[in-house]
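A.B. asks: Below are the sequence and a predicted model; questions follow.
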Amino acid sequence: MSEHNEIDGVSGRSTTGHEWDGIKELNTPLPRWWVLSFYATIIWAIGYWVVYPAWPLVSGYTTGLFHYSTRASVVTDLADLEKLRGEKMAVLGNASLADIEKDPALLALARARGKTVFADNCAPCHGSGGAGAKGYPNLNDDDWLWGGSLDQIMQTIQFGARSGHAKTHEGQMLAFGRDGILKKDEIVTVANYVRSLSGLSTAPKFDAAAGKKIFTENCTSCHGDAGKGNLELGAPNLTDKIWLYGSDEETLIETITNGRAGVMPAWVGRLDPVTVKALAVYVHSLGGGK
Amino acid sequence: MNKPVFPDDLMTDEDGPLYAPRKKVYPQSVSGRFRSIKWRLMVLCLGVYYLLPFVRWNRGLGAPDQAVLIDFPNHRFYFFFVELWPQEIYYFTGLLVLAALSLFLMNALGGRIWCGYLCPQTVWTDLFYAVERLVEGDRRAQMKADAGPMTAKRAGRRVLKHAIWFLIAWWTGGAWVLYFADAPTLVRDLATLQAPAIAYVWIAILTASTYLLAGYMREQVCVYMCPWPRIQAALTDEWALNVTYKYDRGEPRCSVKKAFDIRALGENAGDCIDCNQCVAVCPTGIDIRDGAQLGCIQCGLCIDACDAVMTKVSRRTGLIGYDNDINVQRRIAGKQEIFKPVRARTVAYVGMIAAVCAVMLYALMSRTLLDVNVLHDRNPVAVRLSDGAIRNGYTLRFLNKRAFERVIAIDVDGPAGAKLHVIGADTVTPDRPTIVLARDTTTEARVLVTAPFDEKAEKSVPVSFRITDIGLGEVASATDHFVLP
């Protein structure tokens, strides 16, 4: 700092008096409008404190004139969205399943709705893409225990399987071993017979005739004479390549010994009818149903 | 303006002035070559800006018929025969690259051509100055009036001036919003107060900015706000032509009479008679005779002013003109002037402009109007069916960029014996599902490809979906993989 209002010899302009290595800074004042704009922004900021939430307090904060909060605006937005969705869902509610399947716009809407609902409610058992797991059917294939048409899928979603609902699908794989209906060696024999039905390899000393006899006496009432299954009872087709619990000998013995009774909950009352309808369309579209 | 500020001129305290008051510029009216170029460019630029939204362009039924339209709600940009989708934003990148290169080329050839003739700030400020002179009189009248007391007549003129300014600003803001909606409809809606609020808000914003920038901020925008003068200074070279006071010819300045006397003695007198006309007409209030400077937008009006004076005193015109320091030095040394518009820099710019133009043109011409994208199901990747066959699910998204609906057939080429099933396909002919694509939009479909299980087959084989416009025969395809479980 040297004395103020010094005039620079070369440019003839005043300097600020600041000097760095012999170079003095010329005084170049900002234009008035710039300075005034700057003050205006400061005033604006103060106005902002008054109008909007601004200062933290010991507990809480200053809420501003209009008590604006992003949380409240989210709630409003969600309510608006719900209203918009309601209008669209009403259209879906009035259309029949067949209509939805035929109309590309409705199909897209139902699939979109179904996809989110599926992720929220069905994915824990059936997987995010409906790929299923041991004991939980894959919804992308063409094997449907209780039927793969749109109506049948919707029925299953509504009332479930062995869910306890009055209209639920009923059907039980008995515990042939645990309940003493079949002996251990009979179970091994019939397990091998079941494997032979779909062309899988059998144990070396397997007696096919004995297996067939046991099968006819115990299994055909549900699974059918040829083992093709029965949709009414949810009895799986034993001649195809899809096995809900597994096709190896050990697993089959386990299945026949202790039975199987997987539960699909009833969704009627938990999901509204339009949502169930959308869900049925979505699930049907995963693999094209059957 | 932007002249050295002396402490005496300023409100000062002990630490010197805090701010510099703006010195109002009163550019004098002038006529001549550059003024008439500027008038014509102004008519052209403003004419295009104000009228372009009303130009129609037939794109067929159901499509907007506005030649230039930025349709935000439907995510489309229309420019005569071009229609761009949001994912084609790279065309704008090309446009920006072209704009930058053109700016560089102009700069290498003739300095701040953009600033002086084409920049919206210059064009509108020029128009506002013209209105000001029309209503309040020329430079002297205005200066005299501003120095004197406020009279009823002066106040009336001032009100009139602001009214006209406001009208121009309002038209400017009004024209802006017309680029974003069907212009005739929007004009009617605006007039009957039926237009959306956002239209009025934008008109208000642009009215305000035009009024402030052209009426008040004026040269302050160029000097304090605009980055281009700084960039321009770094981009220029010694060969670029700039509006230059030819001091080799003009100095020493002296009056006509004095010059006559000096020359009679056989001594050297400059051609500049120090009449200050170049300063009087300058819209940014600088003195071109101080040399190249940031405040000079190189509009050429000082050339017109000086030429008029030189003609009056029967001297050669061109004392101020497009020139450069190389030639000033050459004339001083008694050498011939040389101009080099063709040099490595300008050739490179022209080459780059041509290259970018060619690439953009090619891209535009070869732009597909039918396309398909494929996305393989993530989960499950593959599904085993009851008969042992394997199925993969895909989401296909079709892009129909034409202004009419069309029907496409889908074919699949992949693993041996592959069959295609489209969820919600409109009509299914054996193995060849067809889908109706709505006009000018995308359509999504879920497709399932099923193939018999082959143990010897590779774990993953390429699969390609080919779509064919049944009417036009246009084809597009997308490839992915068919995966075994």
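C.D. replies: Thanks, I have the structure now. Because the structure is a prediction, the values reported are computed rather than measured. Numbering: from 1, shown residues only, chains lettered A, B, ... in the order given.

A.B. asks: All the strands of the stretch 151-300 of chain B, in order from the start?
C.D. replies: B:242-245 (DSSP state E, counting those that start in this stretch).

A.B. asks: Contact residues of it facing chain A?
C.D. replies: Contact residues (C-beta under 8 Å from any C-beta of the partner chain) of the stretch 151-300 of chain B with chain A: B:Tyr216, B:Met217, B:Gln220, B:Tyr224. Glycine gets a C-beta too; all of them are placed from N, C-alpha and C.

A.B. asks: one more time with 7 Å, if that's ok
C.D. replies: Selection of the stretch 151-300 of chain B residues close to chain A by C-beta under 7 Å from any C-beta of the partner chain yields B:Gln220, B:Tyr224.

A.B. asks: what ranges do the helices span in the stretch 151-300 of chain B?
C.D. replies: B:152-178, B:183-191, B:197-212, B:219-220, B:228-235, B:247-250, B:256-264, B:277-281 (DSSP state H, counting those that start in this stretch).

A.B. asks: Adding mean pLDDT as columns, could you present the ones you listed in TSV?
C.D. replies: Formatted as TSV, those follow (pLDDT from 0 to 100):
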stretch	mean pLDDT
helix B:152-178	94
helix B:183-191	93
helix B:197-212	95
helix B:219-220	90
helix B:228-235	89
helix B:247-250	90
helix B:256-264	87
helix B:277-281	94
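
A.B. asks: possible to save those helices as TSV with mean neighbour count and distance to A:Val75?
C.D. replies: Shown next, in TSV, are the helices of the stretch 151-300 of chain B (neighbours: other C-beta atoms under 10 Å in any protein chain shown; distance: least, C-beta to C-beta, whole Å):
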stretch	mean neighbour count	distance to A:Val75
helix B:152-178	16	33
helix B:183-191	16	33
helix B:197-212	16	24
helix B:219-220	20	46
helix B:228-235	14	47
helix B:247-250	17	72
helix B:256-264	13	82
helix B:277-281	21	63
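
A.B. asks: A:Asp143 is nearest to which of those helices?
C.D. replies: A:Asp143 lies closest to helix B:197-212 among the helices of the stretch 151-300 of chain B, at 54.5 Å (C-beta to C-beta).

A.B. asks: hey, C-alpha coordinates of the closest one in CSV?
C.D. replies: The C-alpha coordinates for helix B:197-212 follow below in CSV (Å, rounded to 0.1, in the frame of the first residue of the first chain):
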residue,chain,number,x,y,z
ALA,B,197,-49.6,-18.9,-19.0
ILE,B,198,-46.1,-19.9,-19.9
ALA,B,199,-46.5,-18.1,-23.3
TYR,B,200,-47.3,-14.8,-21.5
VAL,B,201,-44.4,-15.4,-19.1
TRP,B,202,-41.9,-15.8,-21.9
ILE,B,203,-43.2,-12.9,-23.8
ALA,B,204,-42.8,-10.8,-20.6
ILE,B,205,-39.3,-12.1,-20.0
LEU,B,206,-38.2,-11.4,-23.6
THR,B,207,-40.0,-8.0,-23.7
ALA,B,208,-38.1,-7.0,-20.6
SER,B,209,-34.7,-8.3,-21.8
THR,B,210,-35.1,-6.7,-25.2
TYR,B,211,-36.2,-3.4,-23.7
LEU,B,212,-33.4,-3.4,-21.1
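
A.B. asks: what angle do that helix and helix B:183-191 make?
C.D. replies: 90 degrees (axes from the mean of the first three to the mean of the last three C-alpha atoms, to 10 degrees).

A.B. asks: how far is helix B:197-212 from where the chain is centred?
C.D. replies: 19 Å (C-alpha atoms, centre = their mean, to the nearest Å).

A.B. asks: Does anything pack onto it? Which helices or strands?
C.D. replies: When contacts are defined as 3 or more C-beta pairs under 7 Å, 6 or more residues apart in numbering or on different chains; DSSP states H and E, helix B:197-212 sits against helix B:152-178.

A.B. asks: in the stretch 51-200 of chain A, which spans are helices?
C.D. replies: Going by DSSP H, counting those that start in this stretch, the stretch 51-200 of chain A shows helices at A:70-94, A:97-102, A:104-121, A:123-126, A:150-159, A:184-197.

A.B. asks: Show me the shaky parts of the stretch 1-150 of chain A.
C.D. replies: Scanning the stretch 1-150 of chain A for pLDDT under 70 picks out the ranges A:1-5.

A.B. asks: near chain B, which residues of it show up?
C.D. replies: Counting by C-beta under 7 Å from any C-beta, the stretch 1-150 of chain A sits next to chain B at A:4-5, A:11-14, A:16, A:27, A:29-35, A:101, A:104, A:107-108, A:127-129, A:131, A:138, A:140-143.

A.B. asks: Which among the residues you listed count as buried?
C.D. replies: A:4-5, A:13-14, A:16, A:27, A:29, A:31, A:33, A:101, A:104, A:107-108, A:127, A:129, A:131, A:138, A:140-143 (16 or more other C-beta atoms under 10 Å in any protein chain shown).

A.B. asks: List the ones among those residues that fall in strands.
C.D. replies: A:Thr16, A:Pro31 (DSSP state E).

A.B. asks: For the spatially closest residue to B:Arg378 that is not a sequence neighbour, give me its contacts.
C.D. replies: Leaving out its chain neighbours, the residue that sits closest to B:Arg378 by C-beta to C-beta, 6 or more residues apart in numbering or on different chains is A:Gly129, at 6.6 Å. Residues counted as contacts of A:Gly129 (C-beta atoms under 7 Å, 6 or more residues apart in numbering or on different chains) are B:Asp377, B:Arg378, B:Asn379, B:Pro380.

A.B. asks: One more: B:Leu52?
C.D. replies: With C-beta under 7 Å, 6+ apart, B:Leu52 has these contacts: B:Val68.

A.B. asks: and if we set it to 10 Å?
C.D. replies: By C-beta atoms under 10 Å, 6 or more residues apart in numbering or on different chains, the residues touching B:Leu52 are B:Gln66, B:Ala67, B:Val68, B:Ala175, B:Leu178, B:Tyr179, B:Ala183.

A.B. asks: Show the backbone phi and psi for it.
C.D. replies: phi -50, psi -40 (degrees, to the nearest 10).

A.B. asks: The residue positioned nearest the centre of chain B and B:Ala403, how far apart?
C.D. replies: With the centre of chain B defined as its mean C-alpha position, the nearest residue by C-alpha atoms, centre = their mean is B:Ala99, 7.0 Å away. Computed as C-beta to C-beta, to the nearest Å, the B:Ala99 to B:Ala403 distance reads 29 Å.

A.B. asks: per-residue confidence for B:Ile70?
C.D. replies: B:Ile70 carries a pLDDT value of 94.

A.B. asks: From chain A, how far out is it?
C.D. replies: 26 Å (C-beta to the nearest C-beta, to the nearest Å).

A.B. asks: Equivalent analysis for B:Leu420, please.
C.D. replies: Distance from B:Leu420 to chain A, by C-beta to the nearest C-beta: 11 Å.

A.B. asks: Just give the strands next to the helix or strand hosting that residue in its sheet, each with its orientation.
C.D. replies: Using DSSP states H and E, B:Leu420 maps to strand B:419-422. Using DSSP bridges, the strands paired with strand B:419-422 in its sheet are strand B:441-451 (antiparallel).
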